[in-house]
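Novice: Sequence and computational prediction follow.
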Amino acid sequence: MANTGPESQTILVVGGGIAGITAAVEVAETGYDVILLERDPSLGGRVTRFARYFPKLCHPTCGLEINYQRIKKNSQIKVITMATVAAVSGQRGNFTVTVETQPRHVNAKCTACGDCARATEMEVPNPFNYGLDRTRAAHLPHEHAFPMRYVIAPEAAANGEGEKMKAACKYGAIDLDEKPETFEIKVGAIIWATGWKPYDAAKITAYAYDLSPDIISNVEMERLAAHDGPTGGRILRPSDGEPAKRVALIQCAGSRDVNHLPYCSRICCLGSLKHAAYLREQYADAEADIYYIDIRAHDKLEAFYNRLKADPQVHFIKSKPGHIEIGDDGRPVIRGEHTLSREIYETPYDLVVLATGMEPTAAADYRPPVELIQDEYGFIVPDDGVDGGMIAAGVAGGPLDVSMSVQSATAAALKAIQAVRGV
Ligand SMILES: Cc1cc2nc3c(=O)[nH]c(=O)nc-3n(C[C@H](O)[C@H](O)[C@H](O)COP(=O)(O)OP(=O)(O)OC[C@H]3O[C@@H](n4cnc5c(N)ncnc54)[C@H](O)[C@@H]3O)c2cc1C
């Protein structure tokens, strides 16, 4: 596309996960204005919901908190939550973007005191915990939320509960009349950092996800292991709250499968190794069986794999299970054939975790309202449109772990700066 010379040097970042946050901070610390749009009520994306990060098993909030401090200190970053892009027109250096916001019903006067939550008994499914539990209709998105501001569920704002919350707020922070809004911004480049969503485990019908609460997905396992999750960090069977000590971790659940996600998400093997580590830390007598086609522990992550392989209570079973049934005692039973020994197995477990892959948001539930080159799976070709002023960062551009997402975001920031400078 011909460069007509930039009219705006502001850079828009769509998506406030680790990639979008990184891109925004890098852009702003180089001296450019940046607008960061996030669809959820707080920043951080999927990683905020992890108990810990592989390979060092550190807590995700450490890395995120440093970035939040960088955002707070930098007046060149404007963060808009509960916002997305509804339309884009123009070209590199001169885009007009229509932003659409959803009501939070809580304004910037909120001190996060929690009086609004205490004023209501109404509960809604907790989106942060993937609906594994319920939360008050007025709630903080999670304990480390940025911005640290409550949000009111739309169904509560619309009925008498909202009035109770409003009456309880001493700071005048509740606005029940807030409506969805649209407005336009002018920017010179756009970084798409819209990330991923977990592949829907219910679509893998042979694995009976819908038939037992004790068959969960890998992202749900993260919440079970998280100290701020529905069980306070204890890995318990959702059906009866008993400790889950015989646990199966099924790799490639719906991945590398033409009927579901044909590609490898690259991180699921590491995710399941991490889940085995969570389990073994909690219960000295726990055993984890990892069913795999092949273990993909890329680059330096091989050491993490070797660590788990050395644990005699973590078993690696080379097999793609055929199906899961519910046994007479209500436990899930995995059936299949061992690839090497050809033995048929039929094994009951306390808990089965399906390692489902990462589906690009831009293919699953948000189509960017502008023509971008997307590969056959919906990932935005990362370098597409550098000349056109649009760049992908993080998992929006392909399956990556956090460190690779951060690298891709830094690269995207540099490309966006080049775009607004007309280089
Ligand atoms: C089970 C599991 C465990 C994992 N564990 C680890 C681990 O331990 N260590 C590791 O390195 N990696 C891990 N990963 C990979 C890690 O989750 C990704 O690398 C990381 O989430 C990529 O960040 P991102 O910012 O690209 O995407 P996301 O985290 O998905 O963030 C994207 C953000 O964009 C927002 N958004 C989406 N669409 C829009 C829109 N239209 N408008 C505005 N905002 C939008 C979303 O709300 C979200 O906040 C794991 C993955 C899985 C599946």
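Specialist: In hand now; what should we look at?

Novice: In the stretch 1-150 of the chain, which residue sits nearest the ligand?
Specialist: Using C-beta to the nearest ligand atom, the closest approach of the stretch 1-150 of the chain to the ligand is made by residue 17 at 2.0 Å. Any C-beta I mention is one placed from the backbone N, CA and C, and that applies to glycine too.

Novice: Tell me how many other residues surround that residue.
Specialist: The number of residues packed near residue 17 is 28, by other C-beta atoms under 10 Å.

Novice: any idea of the pLDDT on the closest residue in space to residue 89 that isn't next to it in sequence?
Specialist: Nearest residue to residue 89, sequence neighbours excluded (C-beta to C-beta, 6 or more residues apart in numbering): residue 96, at 5.0 Å. Looking at residue 96, its pLDDT is 97.

Novice: measure residue 96 to residue 77 for me?
Specialist: Note on residue 96: its distance to residue 77, by C-beta to C-beta, to the nearest Å, is 21 Å.

Novice: Pick out whichever of the two has more residues nearby.
Specialist: Summary of the neighbour comparison: residue 96 and residue 77, criterion other C-beta under 10 Å, with residue 77 having more neighbours (21 against 13).

Novice: Break down the stretch 151-300 of the chain into its strands, ranges please.
Specialist: 151-152, 181-187, 189-192, 196-198, 215-217, 246-250, 287-292 (DSSP state E, counting those that start in this stretch).

Novice: Out of these, the one nearest the ligand is which?
Specialist: Nearest of the strands of the stretch 151-300 of the chain to the ligand, taken as C-beta to the nearest ligand atom: strand 196-198 at 4.7 Å.

Novice: Let me know the average pLDDT across the closest one.
Specialist: When the per-residue pLDDT values of strand 196-198 are averaged, the result is 97.

Novice: Which strands or helices does that strand pack on?
Specialist: Applying 3 or more C-beta pairs under 8 Å, 6 or more residues apart in numbering; DSSP states H and E, one finds that strand 196-198 contacts strand 358-360, helix 361-364.

Novice: That strand pairs with which strands, and in what direction?
Specialist: Paired neighbours of strand 196-198 in the sheet (DSSP bridges): strand 358-360 (antiparallel).

Novice: Is the strand it pairs with positioned near the ligand?
Specialist: Yes: residues of strand 358-360 contacting the ligand under C-beta under 6 Å from any ligand atom: residue 358.

Novice: sorry, back to before: check which helix or strand covers the residue nearest to residue 89.
Specialist: Following DSSP states H and E, one finds residue 96 within strand 94-101.

Novice: again with residue 9
Specialist: In this assignment (DSSP H and E), residue 9 forms part of neither any helix nor any strand.

Novice: okay, the nearest residue to it once chain neighbours are set aside: pLDDT?
Specialist: Counting by C-beta to C-beta, 6+ apart, residue 9 lies nearest to residue 420, which is 4.4 Å off, once chain neighbours are set aside. Residue 420 is assigned a pLDDT of 94 by the prediction.

Novice: same thing with residue 228?
Specialist: 95.

Novice: And for the closest residue to it other than its chain neighbours, the neighbour number?
Specialist: Nearest in space to residue 228, with sequence neighbours left out and distances taken as C-beta to C-beta, 6+ apart, is residue 143 at 5.2 Å. Number of residues near residue 143 (other C-beta under 10 Å) recorded here: 12.

Novice: before we move on, the earlier item: check which element follows the strand holding residue 96 along the chain.
Specialist: Using DSSP H and E, the next helix or strand after strand 94-101 towards the C-terminus is helix 115-118.

Novice: packing partners for that following helix?
Specialist: Other elements packing on helix 115-118 under the criterion 3+ C-beta pairs under 8 Å, 6+ apart are strand 138-139, helix 160-168.

Novice: and the ligand, which of those is closest to it?
Specialist: Taking C-beta to the nearest ligand atom, strand 138-139 is the member of the helices and strands packed on helix 115-118 nearest to the ligand, at 17.0 Å.

Novice: Can you list the neighbours in contact with that closest one?
Specialist: With C-beta atoms under 8 Å, 6 or more residues apart in numbering as the test, strand 138-139 has contacts from 106, 116, 117, 119, 120, 126, 150, 151, 152, 153, 156, 165.

Novice: mind redoing it with 6 Å?
Specialist: Contact with strand 138-139 is made by 116, 117, 150, 152, 165, as judged by C-beta atoms under 6 Å, 6 or more residues apart in numbering.

Novice: Give the full set of residues in contact with the second one.
Specialist: Listed by C-beta under 6 Å, 6+ apart, the contact partners of residue 117 are 136, 138, 139.

Novice: The residue of the stretch 1-150 of the chain closest to the ligand contacts residue 45, correct?
Specialist: Yes: Residue 17 is within contact range of residue 45, at 2.3 Å (criterion: C-beta atoms under 6 Å).

Novice: still on that earlier bit, so for the residue nearest to residue 228, what pLDDT did the model give?
Specialist: Looking at residue 143, its pLDDT reads 94.

Novice: separation between it and residue 211?
Specialist: 33 Å.
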